[in-house]
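Trainee: Output the structure for:
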Amino acid sequence: QVQVVESGGGLVQPGGSLRLSCAASGSILSVRAMGWYRQPLGKQRELVASSRGGNTNYADSVKDRFTISRDNAKNTVYLQMNSLKPEDTAVYYCSANIMTLTRRGMSTDDYWGQGTQVTVSS
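Mentor: Numbering: from 1, shown residues only. Model prediction:
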């Protein structure tokens, strides 16, 4: 079994910073990609940033403000969020594309964390 757990959300004033962490654990053969998504209240979930094979990708709305990084030895991904804006308020979810060994052989699936609330408000 695989678990994906986020941490680091909270309340911050506009212009402030937060750092989110996400760790994958369990019966993992390899973590192929990790990323962050967010879902504002009443809106669809959207990609914030992703990391695969050393390459990173960002939503236009967070470029130059957010930075995704990984510690592959710990199967952990981070999201450093600077210059936060009220429109960044959302539940942030971690996603990991993980290879495991099942009874039927190797399997690659997407695993999601439970989400962490980020609120940017004065």
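
Trainee: Following element in sequence after the lengthiest strand in the chain, please.
Mentor: Using DSSP state E, we find that the single longest strand of the chain is strand 90-102. Sequence order places strand 105-112 as the next helix or strand after strand 90-102, per DSSP states H and E.

Trainee: Name the residues of that next one that come out as buried.
Mentor: Tyr111 (16 or more other C-beta atoms under 10 Å). From N, CA and C alone the C-beta is placed, and that goes for glycine too.

Trainee: likewise stretch 62-71?
Mentor: For stretch 62-71, by 16+ other C-beta under 10 Å, it's 62, 66-68, 70.

Trainee: Closest to Leu11 out of those residues?
Mentor: Set against Leu11, the nearest of the buried residues of stretch 62-71 by C-beta to C-beta is Phe66 (17.8 Å).

Trainee: tell me the centre residue of this protein?
Mentor: With distances taken as C-alpha atoms, centre = their mean, the residue of the chain nearest its centroid is Trp36 (2.8 Å).

Trainee: contacting residues around that residue?
Mentor: Counting by C-beta atoms under 8 Å, 6 or more residues apart in numbering, Trp36 makes contact with 20, 22, 47-50, 68, 77, 79, 92-95.

Trainee: With adjacent residues omitted, what lies nearest to it?
Mentor: Leaving aside its sequence neighbours, Trp36 sits nearest to Val48 (C-beta to C-beta, 6 or more residues apart in numbering; 4.4 Å).

Trainee: do Asp109 as well
Mentor: Ile98 (6.5 Å).

Trainee: so who does the one you found touch?
Mentor: Residues counted as contacts of Ile98 (C-beta under 8 Å, 6+ apart) are 2, 24, 28-32, 108-111.
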